[in-house]
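Student: sequence first, then the predicted structure:
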Amino acid sequence: MRVLVTGVAGFIGYTLSQRLLARGDEVVGIDNVNDYYQVSLKRDRVAGLVAAGGNRFSFHEVDFADNAALTKALDGIQIDRVVHLGAQAGVRYSIENPHAYVQSNLVGHVNLLELSRHRGVEHMVYASSSSVYGGNTKLPFAVEDRCDHPVSLYAATKKADELMSETYAHLYRLPLTGLRFFTVYGPWGRPDMMMWIFTKAILAGKPIPVFNQGEMYRDFTYVDDIVSGVIACLDNPPPDDGLEKAGGSLKPHRLYNIGNNKSEHLMKVVGLLEQECGRKAEIDFQPMQPGDVPATYADITAIQNDLGYAPTTSIEVGVPNFVRWYKEYHGV
């Protein structure tokens, strides 16, 4: 199977592509390698995929929000299925730079929907986010819950992606699966995410910023568990049978939460980081940040029932794995 993976130089895209290549698939990777965070990390990921995949991996440095460039880059390349992970990420950055989110997350998503429609793609799996639940106070978050009150532009773009996908499933019967990811972490993670920021600061003896005075809960999900869920979805397109799917659609369009199904207190994770780093953290308690939410917690019943998804990595295992990778990657 030949799979187009957008955001292939990103955290989840890289880990997914490694798994696809390991099982014998071909991967066509797209990424614009922007400087939202250090480009060298993205280049190292791509190099790892080239080494792992040989002639079964091809990389195209292109911005999928530029439809002409996207079309040209993929001209003549047969694509069976798509995993659209590329996006402008980050809740807080969406407050500073809203136009980047409109281009990448809205225009870019339509471009991938159009490409999939015109190419007759068998199935497109795309990244949504737990942020679509916004200010919901009912925990755990279930795919059946209303998601009409996003608290960041990033969340609003992800909800819009789900709505546009429903339209394409209706008009063109394009099989689509949207995945609401919950706080992904692990080796090769992103420098703008909490796990990396805290590890870097603790090892350097610098203070870590802890928001909402530490009263934060997150459904921390190890990247290998996330990828297992993505592949289970990729291999099982939603049927066009007129029956109601996860998320409520009667079209060939499903929505799933992918999380660890356990909401952990932030300070527990800080304790695990301190233990693995071998030093205490200097904590800078701060108020809640605009666009943030105090708690996330995934109800994964739908994907469990449909596809047998079952995360296996606790934070007691996953956090030390990340810190060990971080030290090795940086030579510390």
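Tutor: Cool, got the structure. Numbers count the residues shown, from 1 in each chain.
Student: now stretch 311-329: how far from the chain's centre is it?
Tutor: Stretch 311-329 sits 18 Å away from the centroid of its parent chain (C-alpha atoms, centre = their mean, to the nearest Å).
Student: mind giving me the packing neighbours of the longest helix along the chain?
Tutor: Secondary structure of the chain per DSSP state H: the longest helix is helix 153-172. Contacts defined by 3 or more C-beta pairs under 8 Å, 6 or more residues apart in numbering; DSSP states H and E place helix 153-172 against helix 93-96, helix 98-101, helix 108-119, strand 123-129, strand 176-181, strand 253-258. Just so you know, the C-beta spots here come from the backbone N, C-alpha and C atoms, and that holds for glycine as well.
Student: who's in contact with that helix?
Tutor: For helix 153-172, contacts defined as C-beta atoms under 8 Å, 6 or more residues apart in numbering pick out 87-91, 93-95, 98, 101-102, 105-106, 109-110, 113, 116-117, 126-129, 131-132, 134, 147, 150, 174-176, 178, 247, 249, 251-253, 255, 291.
Student: and if you look at stretch 249-257?
Tutor: By C-beta under 8 Å, 6+ apart, stretch 249-257 touches 128, 130, 141-143, 162, 165-166, 169-170, 173-180, 182, 229, 233, 237-240, 242-248, 298-300, 302-303, 306, 309.
Student: CA atoms only for that stretch - export them in CSV, please.
Tutor: Taking Å, rounded to 0.1, in the frame of the first residue of the first chain, the C-alpha atoms of stretch 249-257 are listed here in CSV:
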residue,chain,number,x,y,z
SER,A,249,-22.4,10.8,10.9
LEU,A,250,-24.6,8.6,8.6
LYS,A,251,-22.0,9.1,5.8
PRO,A,252,-18.6,7.3,5.5
HIS,A,253,-17.1,9.6,8.1
ARG,A,254,-16.0,8.6,11.6
LEU,A,255,-14.6,10.6,14.5
TYR,A,256,-12.6,9.0,17.3
ASN,A,257,-10.8,10.2,20.4
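Student: contacting residues around residue 332?
Tutor: Going by C-beta under 8 Å, 6+ apart, the list of residues near residue 332 reads 203, 326.
Student: please apply the same query to residue 109.
Tutor: 84, 126, 160-161, 164-165.
Student: from residue 240, how far off is it?
Tutor: 21 Å (C-beta to C-beta, to the nearest Å).
Student: could you do residue 32 as well?
Tutor: 33 Å.
Student: looking at the two now, which is surrounded by more residues?
Tutor: Ranked by neighbour count (other C-beta atoms under 10 Å), residue 32 and residue 240 place residue 32 first, with 21 against 14.
Student: looking at it, the more buried one is touching residue 61, isn't it?
Tutor: Yes: using C-beta atoms under 8 Å, residue 32 makes contact with residue 61 at a distance of 6.6 Å.
Student: now stretch 4-23 - C-alpha only, PDB.
Tutor: Output of stretch 4-23 as PDB, limited to C-alpha atoms (Å, rounded to 0.1, in the frame of the first residue of the first chain):
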ATOM      1  CA  LEU A   4       0.600   9.800   1.500                       C
ATOM      2  CA  VAL A   5       1.600  11.200   4.900                       C
ATOM      3  CA  THR A   6       1.500  15.000   5.400                       C
ATOM      4  CA  GLY A   7       3.500  16.500   8.200                       C
ATOM      5  CA  VAL A   8       6.000  13.600   7.700                       C
ATOM      6  CA  ALA A   9       8.800  15.600   9.300                       C
ATOM      7  CA  GLY A  10       6.700  16.200  12.400                       C
ATOM      8  CA  PHE A  11       6.500  14.200  15.600                       C
ATOM      9  CA  ILE A  12       3.500  11.900  14.900                       C
ATOM     10  CA  GLY A  13       4.100  11.800  11.100                       C
ATOM     11  CA  TYR A  14       7.700  10.600  11.600                       C
ATOM     12  CA  THR A  15       6.700   7.900  14.100                       C
ATOM     13  CA  LEU A  16       3.800   6.700  12.000                       C
ATOM     14  CA  SER A  17       5.900   6.600   8.800                       C
ATOM     15  CA  GLN A  18       8.600   4.500  10.600                       C
ATOM     16  CA  ARG A  19       5.800   2.000  11.500                       C
ATOM     17  CA  LEU A  20       4.400   1.900   8.000                       C
ATOM     18  CA  LEU A  21       7.800   1.400   6.400                       C
ATOM     19  CA  ALA A  22       8.600  -1.400   8.900                       C
ATOM     20  CA  ARG A  23       5.500  -3.300   7.900                       C
END
